[in-house]
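A.B. asks: predicted model and sequence follow; I will ask about them next.
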Amino acid sequence: MKNRVFLRPHHLVCLMSFQGEGYDEVFVSKIKKIIESLESALDEKLIYVVNGCDDVCRYCPNRNGDSCKDEAQISNLDSSFSKILDVQQGDMYCHSEIRQMIRNKLSVGEFEEICRKCQWLQICRIALWN
Ligand code: SF4
Ligand code: SF4
């Protein structure tokens with residue numbers, strides 16, 4: 001069995017819409033590795049939902065110890081996506097379940113409202129609803 005991937009709620013959506021954008025090369029390359037690992041085992045429950053910093057934050061230049069430099073805004077993202085997708089800390093999912101949850105539970109309007117402050121909004125919107 002492959003290693004678990006620890007993800008905070010909003011990163012469930014970020015990873016499913018990832019198109020190669022990121023804060024720096026190391027960050028992007030680590031995200032690609034995480035995605036490759038999940039895509040190579042689509043139906044294995046490798047995704048473990050956590051609160052706070054996760055496996056994506058670990059390589060981010062905006063991480064500040066166990067927190068994000070912009071934790072207030074990021075916590076809002078987590079909380080909004082948690083409610084809509086109905087996920088909470090400790091839940092485990094496989095890649096295909098997350099894809100389906102996003103398709104079934106998240107509307108374009110909700111997504112645009114929640115992610116309105118993110119620089120990658122348009123890229124992610126096209127990736128999720130193309
Ligand atoms: S540290 Fe902050 S900006 Fe970086 S990936 Fe985590 S939540 Fe996003
Ligand atoms: S728009 Fe930003 S916060 Fe929203 S899913 Fe994309 S990268 Fe994540």
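C.D. replies: Received the coordinates, thanks. Ligands and ions are numbered 1, 2, ... in the order given.
A.B. asks: ok, which stretches of this protein are strands?
C.D. replies: For the chain, the strands identified by DSSP state E occupy 5-7, 47-49, 63-64, 67-68, 92-93, in order along the chain.
A.B. asks: is there any residue in stretch 120-130 that contacts ligand 1?
C.D. replies: No - with C-beta under 6 Å from any ligand atom as the measure, stretch 120-130 is seen stopping short of ligand 1, the closest distance being 11.0 Å. Quick note: C-beta positions are derived from backbone N, CA and C, even for glycine.
A.B. asks: can you list contacts of that stretch?
C.D. replies: Contacting residues not belonging to stretch 120-130 are listed as 13-14, 16-19, 21, 102, 106, 108, 111-112, 115, 118 [C-beta atoms under 8 Å, 6 or more residues apart in numbering].
A.B. asks: quick one: Gln73 and Arg116, what's the gap?
C.D. replies: 11 Å (C-beta to C-beta, to the nearest Å).
A.B. asks: show me what contacts Phe18?
C.D. replies: If a contact means C-beta under 8 Å, 6+ apart, then Phe18 has Ile31, Ile35, Ala127 as its contacts.
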